[in-house]
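Undergrad: Here you go, sequence then predicted model.
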Amino acid sequence: MPLISRPLAAALAGAYIALAPLAASAQGPLETPGEVTYADIADLADSAGLVVQAQIAKMTRIDNERARGLTPGHGRFYIEARTRALLVGKAPLGESVTYLVDLPLDAKGKAPKLKKQVVFLFARAVPGRPGELQLVWPTAQQISTPARETRLRSILQALVAPDAPAKITGVREMLFVPGNLAGQGETQIFLNTHDNSAASITVKHEQGQAPTWGVSFSELVADLGHPPEPDTLEWYRLACFLPRTPPAGANVSGSFAEQQQALADYRMVLSQLGPCARTLK
């Protein structure tokens, strides 16, 4: 893929860019990178104002004495990289970017050889310093592979969609209401979101049938029987941010038995969502 020219870089300034497929890197990773999960990439993408694909051109080691907060066994490096694509962001980028990154060292105190390696950067712009980036996390430089590219592109598309599910911040209220017949009933779990938009989980019980559930990230009724698929943004919002135990006082069901049913339904939802696996620290 050719580098971004200066006229093109100027045209890209202030816009959200490039969720179209990217060409695969001509040079594969120098070593097989540790596998990262959907939640790892979603965490990074959701925290970054800029997501950039770049090719490392030069690495310069920073003296440990000047590297505050450096993790033992790591070295801090000043990276100069060629911009390949701005995937998401509003900052103007030219043909190159610079940033600092901490990298693990081997037993001989040497860093991985990443020159010419293509990477994804999850970052924010440095005010008043065009082309200089600040990584959002120490792990926010990730090796670019076709599989990671596909997953990242899918996550970014979901995050910028008009109907993207809001960030879950907690459980506001949960209520089980029994039905007219034995074995019937419905649990409503109302969720708090960072933007105060509507979000709720509904669990429905029918006599002689397994309970069904669904989630709604709007005022509409939940799509019962179609819970979020694993490794989707809806799944991530729930599996990775619902508390293991609802807060005290959230369960407003009438009787003790109804409170226990609401709690059992909440635990059933967590079980079916499965664990939020993360490998990045």
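TA: Yep, it's here. Residues are numbered from 1 along each chain as shown.
Undergrad: Skipping its backbone neighbours, what lies nearest the spatially most central residue of the chain in space?
TA: With distances taken as CA atoms, centre = their mean, Ala42 lies nearest the centre of the chain, 1.4 Å away. The shortest distance from Ala42 to any non-neighbouring residue, by CB to CB, 6 or more residues apart in numbering, is to Tyr236 (4.9 Å). (Each C-beta comes from the backbone N, C-alpha and C, glycine too.)
Undergrad: That neighbour looks like it's in a helix, true?
TA: Yes. Assessed by DSSP: H, G, I helix; E, B strand; the rest coil, Tyr236 belongs to a helix.
Undergrad: quick one, helices of the stretch 1-150 of the chain?
TA: Taking DSSP state H, counting those that start in this stretch as the test, the helices found in the stretch 1-150 of the chain are 6-12, 38-47, 146-160.
Undergrad: Now render the ones you listed as JSON lines, adding mean pLDDT and distance to Thr202.
TA: Below are the helices of the stretch 1-150 of the chain laid out as JSON lines (pLDDT from 0 to 100; distance: least, CB to CB, whole Å):
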{"stretch": "helix 6-12", "mean pLDDT": "34", "distance to Thr202": "43"}
{"stretch": "helix 38-47", "mean pLDDT": "96", "distance to Thr202": "24"}
{"stretch": "helix 146-160", "mean pLDDT": "94", "distance to Thr202": "22"}
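Undergrad: any idea which of these is most buried?
TA: Comparing the helices of the stretch 1-150 of the chain by mean neighbour count (mean count of other CB atoms under 10 Å), helix 38-47 comes out on top with a mean of 21.
Undergrad: Any chance you could list what contacts that one?
TA: Contacts of helix 38-47 with the rest of the structure, by CB atoms under 8 Å, 6 or more residues apart in numbering, involve 51, 88, 122, 136-137, 139-140, 142, 148, 151-152, 155-156, 159, 167, 230-231, 233, 236, 239-240, 276-280.
Undergrad: Among these, the buried ones, what's the ChimeraX command?
TA: To isolate the buried members of these in ChimeraX, using 16 or more other CB atoms under 10 Å:
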select :51,88,122,136,139,140,142,148,151,152,155,156,159,231,233,236,239,240,276,280
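Undergrad: any chance you could map the strands in the stretch 51-200 of the chain?
TA: Ranges of strands within the stretch 51-200 of the chain are 74-88, 96-104, 118-125, 133-135, 141-143, 168-178, 185-193, 200-205, based on DSSP state E, counting those that start in this stretch.
Undergrad: Dump the first one to CSV, restricted to CA.
TA: Extracted in CSV, the C-alpha atoms of strand 74-88 (Å, rounded to 0.1, in the frame of the first residue of the first chain):
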residue,chain,number,x,y,z
HIS,A,74,11.0,-3.4,29.6
GLY,A,75,12.6,-0.7,27.7
ARG,A,76,11.1,2.6,26.4
PHE,A,77,11.5,3.4,22.8
TYR,A,78,11.0,6.5,20.6
ILE,A,79,9.3,5.2,17.5
GLU,A,80,9.2,6.9,14.1
ALA,A,81,6.7,5.3,11.8
ARG,A,82,5.2,5.8,8.3
THR,A,83,1.5,6.4,8.2
ARG,A,84,-0.4,3.8,6.2
ALA,A,85,-4.0,4.5,7.1
LEU,A,86,-6.0,6.5,9.6
LEU,A,87,-8.8,4.1,10.5
VAL,A,88,-10.7,6.3,13.0
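Undergrad: Point out the other helices and strands that it packs with.
TA: On a contact count with 3 or more CB pairs under 8 Å, 6 or more residues apart in numbering; DSSP states H and E, strand 74-88 meets strand 50-62, strand 96-104, strand 118-125, helix 146-160.
Undergrad: Mind giving me the packing neighbours of the last one?
TA: Contact analysis of helix 146-160 by 3+ CB pairs under 8 Å, 6+ apart lists helix 38-47, strand 74-88, strand 118-125, helix 233-239 as its packing neighbours.
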